[in-house]
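okay, sequence plus prediction incoming.
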Amino acid sequence: MIFPADADVISHGIQLAVAPVFLLTAVAGMIGVVANRLARIIDRARVVEGRMKENAPGFDPSVAWKELGELRTRGLLANSSIGLLTLCAILIGATIVVLFLGETVDLPMLRASIVSFLAALVSFMLALGCFFAETLIATRLLNFGKNPTRSVGPD
């Protein structure tokens, strides 16, 4: 491997490799959003479990178990989304490295960069799908005054 001495080749390699970094910004933002939702899911599960331990009069454990089941599903979807977003970030990083090396060093890695970038995009779309499913379940839990027995109580 011989590194080029030409500044134009190096600057073009940097320009080419920096383009996928903008996707990394979106991935980082999504990880923050999903991690925040996961924290809210955990907080709500702790509240429901606490109310189950209190066993107050008029408390329906079947409603609490149902809500805990939905919270567990939401947590799994949020965790899956975070895992897929992390994989996406790793694949984007690999794409950046491959693009930079392919441009600055005579390394024929075009196919590797295509595969890693497409895999990153697929991972990102799957993470968005998990996020979408989690938000659908979360909004399904909302009562809007129609069925007051569905929830265990306020946070």
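Arrived safely.

got the confidence number for the nearest residue to residue 126 once chain neighbours are set aside?
Among residues not flanking residue 126 along the chain, residue 84 sits closest, at 5.0 Å (Cβ to Cβ, 6 or more residues apart in numbering). All C-beta spots, glycine's among them, are computed from the backbone N, C-alpha and C. Note on residue 84: pLDDT of 98.

what's the answer for the one 5 residues further on, then?
According to the model's per-residue confidence, residue 89 sits at a pLDDT of 96.

next one: residue 70
According to the prediction, residue 70 has pLDDT 93.

list the helices and strands the lengthiest helix in the chain packs on?
Taking DSSP state H as the assignment, the helix of the chain that covers the most residues is helix 61-104. Helix 61-104 makes packing contacts with helix 7-18, helix 21-54, helix 110-140 when contacts are defined by 3 or more Cβ pairs under 8 Å, 6 or more residues apart in numbering; DSSP states H and E.

can you tell which of these is closest to residue 95?
Nearest to residue 95 among the helices and strands packed on helix 61-104 is helix 110-140 (4.4 Å), distances taken as Cβ to Cβ.

other SSEs contacting that closest one?
With contacts taken as 3+ Cβ pairs under 8 Å, 6+ apart, helix 110-140 sits against helix 21-54, helix 61-104.

and the angle from the longest one to helix 110-140?
This means helix 61-104. Using axes from the mean of the first three to the mean of the last three Cα atoms, to 10 degrees, the interaxial angle of helix 61-104 with respect to helix 110-140 works out to 160 degrees.
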